[in-house]
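S.K.: sequence first, then the predicted structure, then my questions.
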Amino acid sequence: MKVNAIIPARYESSRLAGKPLLKIKDQTIIQMVYERTRSSSLLEDVVVATDDSRIFDHVISFGGKAVMTSTEHRSGTDRIAEVAEGLDADVIVNVQGDEPLITNKVIDALIRPFQRDSKLQMSTVMARIMDKRELFNPNVVKVVSDGNGNAIYFSRSPIPFRKSPGMNLKFDVKNDEMGHWFKHVGIYGYKREFLLAFARMKEGMLEKIEGLEQLRALENGVRIHVEQTDYSGIGIDTNEDYLQLKALLGDIE
């Protein structure tokens, strides 16, 4: 089974423009993501998919592989689907370009379900929520899965919802109860042919309501395997995120 990783990266971002080229110590965010992704022994190749020549030139400058894509794509999935059309691969891994702490352990955990199950079309990962603030944060996507490790639903709301006398939307959670809820970590694996079909599927009602692309697969009856890992993900969406990660990694000016 041949597995390739594609890292979608765009320069324009409403909350943090140019973030792939921001530096942490002596590396840019996109270089950190690329090199950490390359460390997975289960990948045949890694390429960055971008619509910006600055990102393309930078990736080439540090010895990476990059492909220029259309500027019309609405999502990273559409961008990687364009690149996947020209690849000879069985499985495509979508690694977010703003996850500089991604590990080969997480990527391998995403890939292995395809090795076990030839019928699997899509996989992703989740981690236990240990911080109450994340449980009620709509930017942290929650997921529930069945006994076989397949996703039942993804939501920006805390699911499962706790029934209580007050039925408050922000229900009380005791410290020793944390760990019963899971957050979705936005890295995906797709069978290549399914990815191309997925990119052509119409947006469903659940996807429109929640603003979550993966719900399109569930609405079309596609099974998504969710592998549990201990990696909770650190995405760079805002300048505050960037400064916090710099401080975490000891890059303090």
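M.R.: Everything's here; your move. Numbers count the residues shown, from 1 in each chain.

S.K.: the helix or strand where Ala127 lies - contacts with which helices or strands?
M.R.: Under the criterion of DSSP states H and E, Ala127 resides in strand 122-128. When contacts are defined as 3 or more CB pairs under 8 Å, 6 or more residues apart in numbering; DSSP states H and E, strand 122-128 sits against helix 104-116, strand 182-191, strand 224-228. Heads up, the C-betas are built off the backbone N, CA and C, glycines and all.

S.K.: most packed of the ones you listed?
M.R.: Stretch with highest mean neighbour count among these: strand 182-191 (a mean of 23; mean count of other CB atoms under 10 Å).

S.K.: could you check the angle strand 122-128 makes with it?
M.R.: Here strand 182-191 points in a direction 160 degrees away from that of strand 122-128 (axes from the mean of the first three to the mean of the last three CA atoms, to 10 degrees).

S.K.: gap between strand 182-191 and the chain center?
M.R.: 5 Å (CA atoms, centre = their mean, to the nearest Å).

S.K.: what's in contact with the next helix or strand after that strand?
M.R.: As assigned by DSSP H and E, the chain's next helix or strand after strand 182-191 is helix 192-200. Contacts to helix 192-200, defined as CB atoms under 8 Å, 6 or more residues apart in numbering, come from residues 77-78, 80-81, 84-85, 87, 89-92, 121-122, 190, 216-217, 222.

S.K.: hmm, try it at 6 Å
M.R.: 78, 81, 84, 89, 92, 121 (CB atoms under 6 Å, 6 or more residues apart in numbering).

S.K.: from Asp237, how far off is the fourth one?
M.R.: Looking back up the chat, that one is Ala89. Per CB to CB, to the nearest Å, Ala89 is found 29 Å from Asp237.

S.K.: between those two, which has more neighbouring residues?
M.R.: Each of Ala89 and Asp237 has its neighbours counted (other CB atoms under 10 Å); Ala89 has more, 20 against 14.

S.K.: excluding sequence neighbours, find me the nearest residue to the more buried one.
M.R.: The shortest distance from Ala89 to any non-neighbouring residue, by CB to CB, 6 or more residues apart in numbering, is to Asn4 (4.2 Å).

S.K.: do the same with Phe62
M.R.: Distance criterion CB to CB, 6+ apart; nearest residue to Phe62, sequence neighbours excluded, is Gln31 at 5.4 Å.

S.K.: give me phi/psi at that neighbour?
M.R.: phi -70, psi -40 (degrees, to the nearest 10).

S.K.: state the pLDDT value of it.
M.R.: For Gln31, the pLDDT comes out at 97.

S.K.: how many residues are close by it?
M.R.: 22.

S.K.: I figured it hits Ile60, correct?
M.R.: No - using CB atoms under 6 Å, Gln31 is not in contact with Ile60; the gap is 11.5 Å.

S.K.: which stretches of the stretch 1-150 of the chain form strands?
M.R.: Along the stretch 1-150 of the chain, the segments classed as strands by DSSP state E, counting those that start in this stretch run 3-9, 23-24, 27-28, 45-50, 66-68, 91-94, 122-128, 142-145.

S.K.: now these in JSON lines, with mean neighbour count?
M.R.: Shown next, in JSON lines, are the strands of the stretch 1-150 of the chain (neighbours: other CB atoms under 10 Å):
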{"stretch": "strand 3-9", "mean neighbour count": "26"}
{"stretch": "strand 23-24", "mean neighbour count": "16"}
{"stretch": "strand 27-28", "mean neighbour count": "18"}
{"stretch": "strand 45-50", "mean neighbour count": "23"}
{"stretch": "strand 66-68", "mean neighbour count": "18"}
{"stretch": "strand 91-94", "mean neighbour count": "25"}
{"stretch": "strand 122-128", "mean neighbour count": "22"}
{"stretch": "strand 142-145", "mean neighbour count": "20"}
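
S.K.: which of those strands has the lowest mean pLDDT?
M.R.: Sorting these by mean pLDDT places strand 23-24 lowest, at a mean of 90.
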